[in-house]
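[1] sequence and predicted structure, then a few things I'm wondering about:
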Amino acid sequence: MCERAHHHRFPARPPACLRVCVPSNRTTGQSKRTMSLSLVLRQRSAATAAVSARGLHLMRPGSVYNFRLAAVAAAAPQQSHHPGAAGAVASSPINHHHRTFLTMACAQQQQRCVSIDNINPAIKTMEYAVRGPLVIRAGVIEKELEEGVKKPFKEVIRANIGDCHAMGQPPITFIRQVLGLVSYPPLFDDPTIPADAKQRARAILDGCKGGSVGSYSDSAGIEVIRRHAAEYIQRRDGGIPADWQNIILSAGASGGIKVLMALLRCPIDGKKPGVMIPIPQYPLYSATIAEFDMEQIGYYLDEANKWGLDIAELERSLAEARKVSAPRILVVINPGNPTGQVLSRANIEDIIKFAHRERLVLFADEVYQDNVYEPGSQFHSFKKVMMEMGAPYSGMELCSFMSCSKGYMGECGIRGGYAEIVNLCPDVRTMLLKCISAQLCPTTAGQAVLDCVVHPPQKGEPSYERFEREKAAVLESLRERAELVARTFNSIEGFTCNPVQGAMYAFPQIRLPPKALEAAKKEGKPADTFYAFQLLEETGICIVPGSGFGQRPGTYHFRTTILPQPEKLKEMLGLFKSFHEKFLQKYK
Ligand SMILES: Cc1ncc(COP(=O)(O)O)c(C=O)c1O
């Protein structure tokens, strides 16, 4: 019976390897004929076969045995007298006292249904350099250091990712107070927590079903927080109206970006939908385009012009892309990652006119809107500029993204963000809401943090001064570090670095000696990756090579964050400088 059941369920499969764990409390003296095994085969839902195992009494309690499924069946000829697999278990008298469940824990490789050859090919194509092979190596080096392996440095400096708190940035007290209160309401009785934090937390909890952040929220987020986000945008944009129903709260900005890209993922006239992205770009975009099997349309930023956007270059890249795809989206990252530029108002107006002319939906990635450092630079939201330009531009479709991960708060891990969708057709909006409803909701903790960002303490409230002081300290320190990094890189032979006007990164160009290029080629690595690996192995500094973001062919760059704390950053820049000098000597 067992054999029949086995063959019936798995006709053409090779025998599986079973790992049998015999419970240590198995009573001795049980009849080998009445002992039953229920094989719960995890990879076949509902596939439960029962066998009576003749030799089971020979197994020692507490031991583990490996054997092939066919062998189990063959070893149980009397099993065929049982009325059925499930019935065998149910009818076995001993079953009431003792049932051994075996889990198929180590099916052989060829038994698996999923292999590298039959997974989504788009996932294999996608890359995400910010957490790529260099970062994996950095993790291994950290482990080696912990184990006492001798290296020419004591620690890895992770300058590869814009993860502020990981690099020692302190959280903003007000944000954590509100987060604490909503998560653990007994804190409302704590007299040291200011009244405005309690009032904010109370409003959030009142918006939660059952008064708890443990409940699901509406898919677009808690209404009161969406209302606060709309008020924030309206204040930011000098009174230009924002409708709270156009605000979709998301898990970081990434959640909003991905869901809106998914919405526009539709072939047009048989052509793949195309997404215009800056080169260099933040790799979320290239990764998502690959994952969604859309067409990546890169437009180069103008390095000679502080990484500005050149309309002629937008036109060139669009004309080329139209031959093979249907361009639909224009992504602009402002302030820029990895390039750190802040776009001028005139530049933004030209981009809006271009998008209007070419019937593109604008995706304004504005997650660094608080991170503007250079005197004379100012953040202008695409929404504000578009609305101030009047018709026909004020009627354009725009999606703008904001995050709790950046700015002065840097709460990357809590995953808060929003998308504002402007001028979207109501039917399309309905579809968008349907689409997000399948994901239930963004984390309520992320929503609570976002509430603090869009509804911060106001003048006269008890937390106002401390909040403003902490916010200003973070931003001032980032401003100093932005200036220090660009200045130091420009002082190194072979480096040129545009000013870090905003965001959290520098993206210098390095000119590498021909011998280094040859050596990189021999190792089969892009030259900037070759350089970055050597830097990591010799100094512990982890950066991301420019090839992970895209760059003009024949040029080499890397991205570093400006996030290490000031003393660490100075140390890092010193190490960097002496490494580079040695590198030049080595490949002279
Ligand atoms: C330009 C840009 N957009 C979006 C994101 C996504 O951030 P999050 O999903 O944490 O909000 C990042 C993160 O570094 C970014 O740099």
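    Now that the structure is in, tell me what you want to look at.
[2] can you give me the strands in the stretch 401-550 of the chain?
    For the stretch 401-550 of the chain, applying DSSP state E, counting those that start in this stretch gives strands covering 417-422, 495-496, 505-506, 509-510, 541-542, 544-545.
[3] got CSV for those strands, with mean neighbour count and distance to residue 165 too?
    (C-beta placed from N, C-alpha, C; glycine too.) Converted to CSV, these look like this (neighbours: other C-beta atoms under 10 Å; distance: least, C-beta to C-beta, whole Å):
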stretch, mean neighbour count, distance to residue 165
strand 417-422, 25, 16
strand 495-496, 17, 29
strand 505-506, 28, 17
strand 509-510, 21, 29
strand 541-542, 22, 17
strand 544-545, 27, 19
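[4] just want the residue of this structure that's nearest the ligand.
    residue 252 (2.4 Å; C-beta to the nearest ligand atom).
[5] now do that residue, the pLDDT please.
    For residue 252, the model assigns a pLDDT of 95.
[6] what's it sitting at in phi/psi?
    phi 60, psi 180 (degrees, to the nearest 10).
[7] pretty sure it contacts residue 411?
    No. Checked against C-beta atoms under 8 Å, the pair residue 252 and residue 411 is beyond contact range at 9.5 Å.
[8] tally of neighbours for residue 473?
    By other C-beta atoms under 10 Å, the residues close to residue 473 number 13.
[9] give me the pLDDT for it.
    97.
[10] what do you get for residue 363?
    So residue 363 comes in at 98 (pLDDT).
[11] for it, give me its contacts.
    Shown in contact with residue 363 (C-beta atoms under 8 Å, 6 or more residues apart in numbering): 257, 260, 329, 330, 331, 332, 399, 400, 401.
[12] identify the residue nearest it in space, chain neighbours excluded?
    Once flanking residues are discounted, residue 363 sits nearest to residue 331: 4.5 Å by C-beta to C-beta, 6 or more residues apart in numbering.
[13] and for residue 549?
    residue 280 (3.6 Å).
[14] equivalent analysis for residue 132, please.
    That would be residue 548: by C-beta to C-beta, 6+ apart, it lies 6.2 Å from residue 132.
[15] how much space separates residue 356 from residue 333?
    Remark: distance between residue 356 and residue 333 (C-beta to C-beta, to the nearest Å) = 20 Å.
[16] sorry, back to before: where's the residue nearest to residue 549 relative to residue 313, distance?
    Distance, residue 280 to residue 313, by C-beta to C-beta: 13 Å.
[17] quick test: name the residue nearest the centre of this structure.
    Nearest to the geometric centre of the chain sits residue 254, at 6.6 Å (C-alpha atoms, centre = their mean).
[18] dump the residue contacts of residue 415.
    For residue 415, the contact set (C-beta under 8 Å, 6+ apart) comprises 251, 252, 255, 404, 405, 442, 443, 445, 446.
[19] anything in stretch 563-577 near the ligand?
    No. Judged by C-beta under 6 Å from any ligand atom, stretch 563-577 makes no contact with the ligand; its nearest approach is 11.2 Å.
[20] so which bits of that stretch are buried?
    563, 564, 569, 572, 573, 575, 576, 577 (16 or more other C-beta atoms under 10 Å).
[21] before we move on, back to that, my guess is the residue nearest to residue 549 meets residue 546, correct?
    Yes. Using C-beta under 8 Å, residue 280 is in contact with residue 546, at 6.6 Å.
[22] and this protein, what are its domains?
    125-168+480-587, 174-464 (the TED database).
[23] just the C-alphas of stretch 419-436, formatted as CSV.
    C-alpha atoms of stretch 419-436 as CSV (Å, rounded to 0.1, in the frame of the first residue of the first chain):
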residue,chain,number,x,y,z
ALA,A,419,4.0,58.9,-2.4
GLU,A,420,2.0,61.9,-3.5
ILE,A,421,0.2,61.2,-6.7
VAL,A,422,-0.9,64.3,-8.6
ASN,A,423,-3.4,64.5,-11.5
LEU,A,424,-3.8,60.8,-11.8
CYS,A,425,-7.0,59.7,-13.6
PRO,A,426,-9.6,58.6,-10.9
ASP,A,427,-10.0,55.2,-12.5
VAL,A,428,-6.2,54.7,-12.4
ARG,A,429,-6.2,55.8,-8.8
THR,A,430,-8.8,53.2,-7.9
MET,A,431,-6.6,50.5,-9.5
LEU,A,432,-3.6,51.8,-7.5
LEU,A,433,-5.6,51.5,-4.3
LYS,A,434,-6.7,48.0,-5.3
CYS,A,435,-3.2,47.1,-6.0
ILE,A,436,-1.8,48.3,-2.6
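[24] which residues touch that stretch?
    219-220, 229, 233, 242, 246-248, 250, 253, 256-257, 259-260, 262-263, 383, 386, 395-402.
[25] over to stretch 251-259?
    248, 250, 284-285, 288, 363, 365, 367, 399, 401-405, 412, 415-419, 432, 435-436, 439, 442-443, 446.
[26] in helices only, show me these.
    Residues of those located in helices (DSSP state H): 284, 285, 288, 432, 435, 436, 446.
[27] circling back to that earlier point, so how far is the host helix or strand of the residue nearest to the centre of the chain off the chain centroid?
    Using DSSP states H and E, residue 254 sits in helix 252-263. What separates the centre of helix 252-263 from the centre of its chain is 11 Å, taken as C-alpha atoms, centre = their mean, to the nearest Å.
[28] just want the angle from it to strand 417-422.
    40 degrees (axes from the mean of the first three to the mean of the last three C-alpha atoms, to 10 degrees).
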